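**Q** got a sequence here, can you build the structure:
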Amino acid sequence: MKPPFGSRATPRRRLRVRSEQIQSRPHRFEEEPLLYFAYDANIEPRQLKRVAPGAAFEFIAHLPEWKMTFPIRNGDGGLPSVHPEPGNTVWGAVFTIDGSDLEALNEAEETEGRIPAEVQAMDREGKRHPVVTHVMGGSPNGEYDPEPAYIKKMVDGGRHWKLPAGWVMSLEEHLEGF
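**A** Purely as a prediction, here's the structure:
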């Protein structure tokens, strides 16, 4: 028997498939220009310019039904990744990039334990866009407190691009006590 529309069983099954698809087809981004969804330190303009100098801001968006965690151990804390999880949202900025910028982003993100993935971001008008972002490659081995210097870049980028105040404040909470 099929569960009723809107039941928790339907989204979970669909999200589980999306998660498997992300890991099974991480490098199929051939069309240019591409849309890149930045939620990590690359959302900070100077950081992104260093890695992908041709990136051009398009709009802010969110990944509905996705959650950001800090499962990648690094120096003074954890680095972020995103994964499907009902009831959550991850905000970021969307940029147009070309293939050489994507290649540079992939290399930089790989050093931090993330791989490219194609996901659907939603703009403020409710339109979905296929975007490239980066997610943890492999299985998480824990959840860490965010690395302060890294999260500071995320806060600065969130402020710069005028992400929702509640999202930026949730990032700033990780800096309290540092």
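**Q** buried ones in the longest strand anywhere in the chain?
**A** Of all the segments of type strand in the chain, defined by DSSP state E, the longest one is strand 77-97. For strand 77-97, a neighbour-count test (16 or more other C-beta atoms under 10 Å) marks 77-85, 88-95, 97 as buried. From N, CA and C alone the C-beta is placed, and that goes for glycine too.
**Q** number of nearby residues for the closest residue in space to residue 106 that isn't next to it in sequence?
**A** Here the nearest residue to residue 106 in space, its sequence neighbours aside, is residue 116; by C-beta to C-beta, 6 or more residues apart in numbering that works out to 5.4 Å. Per other C-beta atoms under 10 Å, the neighbour tally for residue 116 reads 23.
**Q** residue 116: which element?
**A** strand 114-123 (DSSP states H and E).
**Q** quick one, the helix or strand hosting residue 65 and strand 114-123 angle?
**A** In the assignment (DSSP H and E), residue 65 maps to strand 56-74. Angle of strand 56-74 versus strand 114-123, following axes from the mean of the first three to the mean of the last three C-alpha atoms, to 10 degrees, is 140 degrees.
**Q** which of the residues in strand 56-74 are buried?
**A** Of all the residues in strand 56-74, those buried under the rule 16+ other C-beta under 10 Å are 58, 60-66, 68-72.
**Q** of the residues you listed, which pair is most distant in space?
**A** Maximum pairwise distance in the buried residues of strand 56-74, criterion C-beta to C-beta, is 28.1 Å, between 58 and 71.
**Q** contact partners for the residue nearest to the spatial centre of the chain?
**A** For the chain, the residue nearest the mean C-alpha position is residue 39 (4.3 Å; C-alpha atoms, centre = their mean). Each residue near residue 39 by C-beta atoms under 8 Å, 6 or more residues apart in numbering is listed here: 63, 68, 80, 82, 90-92, 133, 154.
**Q** closest to residue 145 among those?
**A** Checking those against residue 145 with C-beta to C-beta, the nearest one is residue 80 at 11.7 Å.
**Q** doesn't residue 156 fall inside a helix?
**A** Yes: counting by DSSP: H, G, I helix; E, B strand; the rest coil, one finds residue 156 located in a helix.
**Q** picking up where we left off before, please save the CA atoms from the strand holding residue 65 in CSV.
**A** Extracted in CSV, the C-alpha atoms of strand 56-74 (Å, rounded to 0.1, in the frame of the first residue of the first chain):
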residue,chain,number,x,y,z
ALA,A,56,30.2,35.4,-10.8
PHE,A,57,27.4,35.9,-8.2
GLU,A,58,23.9,35.0,-9.4
PHE,A,59,21.5,34.7,-6.4
ILE,A,60,21.1,33.4,-2.9
ALA,A,61,19.4,30.1,-2.5
HIS,A,62,18.9,27.2,-0.1
LEU,A,63,19.0,23.4,-0.2
PRO,A,64,15.6,22.4,1.2
GLU,A,65,15.5,19.2,3.3
TRP,A,66,19.3,19.3,3.7
LYS,A,67,21.4,19.7,6.8
MET,A,68,24.8,21.1,7.4
THR,A,69,27.1,19.2,9.9
PHE,A,70,30.8,19.3,10.7
PRO,A,71,31.9,15.7,10.2
ILE,A,72,35.4,16.4,8.7
ARG,A,73,38.2,16.5,11.3
ASN,A,74,40.6,19.4,10.6
